[in-house]
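> Fold the following for me, if possible:
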Amino acid sequence: MEKVRLGIIGLGSMGSAHARWILEGKVPGLELAAVADIAPEQLAPFPTARHFETGGAMFASKSVDAVLIATPHFFHTTLGIEALAAGLHVLTEKPISVHKADCERLIAAHTDKSLVFAAMFNQRTDPRYIKLRELIQSGELGTIRRVQWTVTNWFRSDAYYASGGWRATWAGEGGGVLLNQCPHNLDLFQWLFGMPSHMQAHCSFGRYHDIEVEDDVTAFMEFKGGATATFIASTGEAPGTNRLEIAADRGRVVFEHGKIEFLRTVCSNEAYCRTTSERWQGPDTWTVQIPVEGTGDQHLGILRNFTEAVLHGVPLIAPAEEGIYSVELANAMLLSAFEQRTVDLPLDAAHYAQVLAQRIAGSRKKTGTAPPRVARDLANSFGRH
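A predicted model of the protein is given here:
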């Protein structure tokens, strides 16, 4: 195979952007062969690709080698399963599914390991997060004691939430800021620090907007090794903050305003520095600016990596199987808020699916009627075929 014939399903803002980048030749080896969307006007800007109303019709046409799924969230699971069953390579937008049980179904469908299965976690291409991961995994920071990530620069207006009937509803998205804006942050969180063992969260539902899902979250996490973490997110603050702080035995790292600052302890005997009565103010520190520039190739980087994986077997930056962790974190935060209790991880996937189904049953009806495929995919997500 010299080129990968790609079909894109869902031509909203991201799907259309991916299509344009491919047509502009920004992804060597990738050809836009087909597009699918239930709205004919979304297909019109791409006359050189074959047009389909549904992903199923695209799969049956045998006109593509791979698909990129850029639809509303509940489609990711069902379309992903169909595409893998059709023998296609799959790249799915985030989140890979709405809830953990669906993630497990989707991952279990990837039985043919010759098929490339990836997720659009483009923040993993950012050299600053790559550097943070290197600092952690190399042991340069020592043992991590505390993490605090405030990511409230996700401001969204009321007009944004009114722009689509599926937005900000349990039935349409399965959540709010955690399922729509924060999958990247939650993926990076587990990519850097691993998964916690316990979680307690407070979520405000419609605090800043006339919506039924969460738009403000504060979560406290505990890890098996004793470390703790706080994660704060909101779509209602302006101006917002994006500050990641890591406190470890060998100092403190702060990532904010695009810069990484490391306050490195000078004391060579860490135990002495923590216990001696002569150092009431703590050990001396060096202030080190970590020289990392730019934000990486982002979406184009994942598209290129996916193409290289299909053509040449290059390892994936973001295997889709790893997408379950960010979904599990989001689910655990919501479950803790729903039931006002500490939640243990790994999360009970079946229990959360049941709780979410109850929320969906009472979901607010927005203007317009969902097409049959939307209702069917939602039913499939909870085992009602």
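> any idea which helix is longest in this structure?
Across the chain, the helix with the greatest residue count (assigned by DSSP state H) is helix 323-339.
> list the buried ones in that one?
Within helix 323-339, the residues that count as buried by 16 or more other Cβ atoms under 10 Å are 323-338. The C-beta positions use only the backbone N, C-alpha and C, and glycine is treated the same way.
> try stretch 6-17
Buried residues in stretch 6-17 (16+ other Cβ under 10 Å): 6, 7, 8, 9, 10, 11, 14, 15, 16.
> Surely the fourth one touches residue 64?
No. Residue 9 is beyond contact range of residue 64, at 10.0 Å (criterion: Cβ atoms under 8 Å).
> Now for the two: what residues contact both?
Common contacts of residue 9 and residue 64, defined by Cβ atoms under 8 Å, 6 or more residues apart in numbering, comprise residue 58.
> phi, psi of residue 54?
phi -130, psi 160 (degrees, to the nearest 10).
> Also residue 319?
For residue 319, the backbone dihedrals (degrees, to the nearest 10) come out as phi -60, psi 140.
> Contact partners for the closest residue to it other than its chain neighbours?
Spatial nearest neighbour of residue 319, excluding adjacent residues (Cβ to Cβ, 6 or more residues apart in numbering): residue 118 at 6.3 Å. Applying Cβ under 8 Å, 6+ apart, we find residue 118 in contact with 90, 91, 92, 302, 305, 306, 309, 316, 317, 318, 319, 320.
> and residue 118, what element?
Element membership for residue 118 (DSSP states H and E) is strand 117-119.
> Quick one: name whatever helix or strand follows that strand.
Proceeding N to C from strand 117-119, the next assigned helix or strand is helix 127-137, under DSSP H and E.
> What is that following helix packed up against?
Helix 127-137 is packed against helix 183-193, strand 242-248, strand 251-256, strand 259-265, with contacts defined by 3 or more Cβ pairs under 8 Å, 6 or more residues apart in numbering; DSSP states H and E.
> Please enumerate residues in contact with the second one?
Applying Cβ under 8 Å, 6+ apart, the set of residues contacting strand 242-248 from outside is 132, 136, 141-153, 252-256.
> Quick one, which of these are buried?
Listed as buried from the contacts of strand 242-248 are 132, 136, 141, 144-145, 147, 149-153, 252-255; burial here means 16+ other Cβ under 10 Å.
> So which residues of the stretch 151-300 of the chain form helices?
For the stretch 151-300 of the chain, the helices defined by DSSP state H, counting those that start in this stretch occupy 158-161, 177-180, 183-193, 270-275, 298-312.
> just to revisit the earlier point, from the buried ones among the contacts of strand 242-248, pick the one nearest residue 47.
Taking Cβ to Cβ as the measure, residue 47 lies nearest residue 153 of the buried ones among the contacts of strand 242-248, at 37.8 Å.
> give the contact list for the closest one.
The contact partners of residue 153, taken as Cβ under 8 Å, 6+ apart, are 237, 239, 240, 241, 242.
> partner residues bridging the nearest residue in space to residue 232 that is not next to it in sequence?
Nearest non-adjacent residue to residue 232, counting by Cβ to Cβ, 6+ apart: residue 150, 4.6 Å away. Beta bridges link residue 150 to residue 232, residue 243, judged by DSSP bridges.
> wait, what's in contact with residue 150?
Listed by Cβ under 8 Å, 6+ apart, the contact set of residue 150 reads 232, 241, 242, 243.
> count of neighbours near the third one?
In this case it means residue 242. The tally of other residues near residue 242 (other Cβ atoms under 10 Å) stands at 16.
> got a pLDDT number for it?
Residue 242 carries a pLDDT value of 98.
> how much space is there between it and residue 97?
According to Cβ to Cβ, to the nearest Å, residue 242 stands 26 Å off from residue 97.
> With the first one instead?
From residue 232 across to residue 97, the span is 24 Å (Cβ to Cβ).
> now the second one
Here residue 241 is placed at a distance of 29 Å from residue 97 (Cβ to Cβ).
> Those two: who's more crowded?
Per other Cβ under 10 Å, whichever of residue 241 and residue 97 has more neighbours is residue 97, with 27 against 14.
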